[in-house]
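Novice: Dropping the sequence and predicted coords here.
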Amino acid sequence: RPEQCPTKHKEKVANIQKQVREYQTNGEGKGMCTARPGWQTISPQNMEYKNKMYPININLVDILEINPDRRTVQCEPLVTMGQLTATLDHLGWTIPIVPELDDLTIGGLVMGTGIETSSHRFGLFQHICKSYELVLADGSLVECSPYTDQSSSTLYHGVMG
């Protein structure tokens, strides 16, 4: 498991931005992908394609903030459902859409169109997310939400698998 350190979120994101910018000069026309090894995924897909891609190391595994007043949780994309559920359980909380597999990640559910048994009532997993912080292909960092300007809202909806 990657190193957990929620106080270093900005530093970890800056490292990802740096890698993406390095890709611009060193990528040699390859595609870009996460450096997460295939054995860490839930997908039955063969991950050999990653051998031909430019790997970006992502160590974003932390729950960053729980805001009881706003009833929101800010977390990084590699937080697992087991990790989130265990944390929220101590507060007597749950999220509206709870996937059945503890190893599924927040990022995977957002990008993979997470649908669960309560989705008929609350929508897909990404519909309960208020905003996303994204590193774009040029290395820039943006936050997007459906509640802000049109370009941010368009980007927010474009993230969904």
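Specialist: Received, thanks. Numbers count the residues shown, from 1 in each chain.
Novice: For the chain, give me the ranges with low pLDDT.
Specialist: Scanning the chain for pLDDT under 70 picks out 1-4, 38-47, 114-122, 161.
Novice: where do the helices sit along it?
Specialist: Per DSSP state H, the chain carries helices over the ranges 9-26, 81-89, 106-111, 119-122, 150-159.
Novice: Correct me if wrong: Thr77 contacts Ile63.
Specialist: You called it Thr, but residue 77 is Pro. No. Pro77 lies out of contact with Ile63 (CB atoms under 8 Å); the separation is 11.6 Å. Every C-beta, even on glycine, is put in place using the N, C-alpha and C of the backbone.
Novice: re the thing from before, need the helices of the chain in a markdown table (columns: distance to Ala137 and mean neighbour count).
Specialist: A markdown table is the format used below for these (distance: least, CB to CB, whole Å; neighbours: other CB atoms under 10 Å):
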| stretch | distance to Ala137 | mean neighbour count |
| --- | --- | --- |
| helix 9-26 | 7 | 15 |
| helix 81-89 | 28 | 16 |
| helix 106-111 | 15 | 20 |
| helix 119-122 | 30 | 12 |
| helix 150-159 | 12 | 13 |
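Novice: would you list these in TSV and tack on distance to Arg71?
Specialist: TSV is the format used below for the helices of the chain (distance: least, CB to CB, whole Å):
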stretch	distance to Arg71
helix 9-26	21
helix 81-89	11
helix 106-111	17
helix 119-122	14
helix 150-159	20
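Novice: Identify whichever of the ones you listed lies nearest to Ile97.
Specialist: When the helices of the chain are compared by CB to CB, helix 119-122 sits nearest Ile97, at 5.2 Å.
Novice: what's the closest non-adjacent residue to Leu155?
Specialist: For Leu155, ignoring the flanking residues on the chain, the nearest one in space by CB to CB, 6 or more residues apart in numbering is Cys144 at 4.1 Å.
Novice: Now do the same contact list for the residue located most distally from the centre of the chain.
Specialist: Within the chain, the residue lying farthest from the chain centre (CA atoms, centre = their mean) is Glu28, at 26.3 Å. For Glu28, the contacting residues are Tyr54, by CB atoms under 8 Å, 6 or more residues apart in numbering.
Novice: And it, how close does it get to Lys52?
Specialist: 11 Å (CB to CB, to the nearest Å).
Novice: now Asn26
Specialist: 15 Å.
Novice: what does Val13 give?
Specialist: 26 Å.
Novice: now swap in Asp149 and tell me
Specialist: 37 Å.
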